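# Show me the folded form of this:
(one chain, ligands or ions: 1)
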Amino acid sequence: MTERSSHQRVPDKWDRAIQADIRALKNIDFELAYLALLTHEGLKPLSRWEKPLGEPGQAVLTRMGLHVERVHRKLRSGKAFDETIFGRSAAHLEIYAQHFRNRAVDKSAETVRVEGYLFGYPPCCIAQYIRQAYAPHEFPVDQQRILFHWSCRGCVITPTLIPHYERIHRFVCDLGTATP
Ligand SMILES: [Zn+2]
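Numbers count the residues shown, from 1 in each chain. As a prediction, this is how the structure comes out:
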């Protein structure tokens, strides 16, 4: 692939049905739409939106071929809330629900490992995050900010993910939310 074509805009990469679905999700929340397309594309086995999602939003995710589930959680204060998980494989939702349903939110190494695995984070970045969260790295800020994991220093996997994340992020950014 030439330098030129790798930077081409991709208005027609996704068909109209997916464009309409992503537009509907973006009307609810930008991050929800971005996570949905990353998951649809298989870059993330599972995604978590840290809020309950209403029936119309759930129907859009289902139409995109994703399994959706609401998971009841607790804050460390004891306050309860619901989060929404979605993924292409029902098994990943089951693994997540088994670990976290009705559990308090925590940052233990076990949680970081399980979440990192399900959310498609590079193993090296997960291990580094457990040793030291947000350790300094040489990664460009504008690339780090579109990721959901913190890159480890000298990561060999994250740079290979960047073009895919950038393409999807740009698509969701550029997509108008007004009904055509
Ligand atoms: Zn890494």
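# and Arg48, what is it in contact with?
35, 83-85, 96, 115, 119 (Cβ atoms under 8 Å, 6 or more residues apart in numbering). All C-beta spots, glycine's among them, are computed from the backbone N, C-alpha and C.
# is it possible to export those residues to CSV including distance to the ion?
Shown next, in CSV, are the contacts of Arg48 (distance: Cβ to the ion, whole Å):
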residue, distance to the ion
Leu35, 20
Glu83, 26
Thr84, 27
Ile85, 24
Tyr96, 22
Glu115, 15
Phe119, 14
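# Can you list which of the residues you listed are found in strands?
83-85 (DSSP state E).
# who wins for neighbours among those residues?
Counting neighbours by other Cβ atoms under 10 Å, Ile85 leads the ones in strands among the contacts of Arg48 with 24 neighbours.
# What does the pLDDT read for Glu138?
pLDDT recorded at Glu138 is 88.
# Could you check how far it is from Leu43?
23 Å (Cβ to Cβ, to the nearest Å).
# out of the two, which sits in the busier spot?
Leu43 (15 against 8).
# any chance you could map the strands in this structure?
Per DSSP E, the chain carries strands over the ranges 46-49, 67-74, 80-87.
# Can you list the buried residues in stretch 154-170?
Judged by neighbour count using 16 or more other Cβ atoms under 10 Å, the buried positions of stretch 154-170 are 155, 158, 161-162, 165, 167-169.
# and the ion, which of those residues reach it?
Cys155 (Cβ under 5 Å from the ion).
# Name the nearest of the buried residues of stretch 154-170 relative to the ion.
Cys155 (3.2 Å; Cβ to the ion).
# any idea which of the strands of the chain is most buried?
strand 46-49 (a mean of 22; mean count of other Cβ atoms under 10 Å).
# What is the distance between it and the centre of its chain?
Centroid displacement of strand 46-49 relative to its chain, using Cα atoms, centre = their mean, to the nearest Å, is 6 Å.
# Would you map the helices across this structure?
3-6, 16-28, 30-40, 55-63, 90-100, 109-118, 123-131, 141-144, 158-174 (DSSP state H).
# Of those, flag the one that's most buried.
helix 30-40 (a mean of 22).
# Show me what that helix is packed up against.
Here helix 30-40 touches helix 16-28, strand 46-49, helix 55-63, strand 80-87, helix 158-174, going by 3 or more Cβ pairs under 8 Å, 6 or more residues apart in numbering; DSSP states H and E.
# that older thread, switch the strands of the chain over to JSON lines; also include distance to Ile126 and mean pLDDT.
Formatted as JSON lines, those follow (distance: least, Cβ to Cβ, whole Å; pLDDT from 0 to 100):
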{"stretch": "strand 46-49", "distance to Ile126": "14", "mean pLDDT": "98"}
{"stretch": "strand 67-74", "distance to Ile126": "21", "mean pLDDT": "97"}
{"stretch": "strand 80-87", "distance to Ile126": "18", "mean pLDDT": "97"}
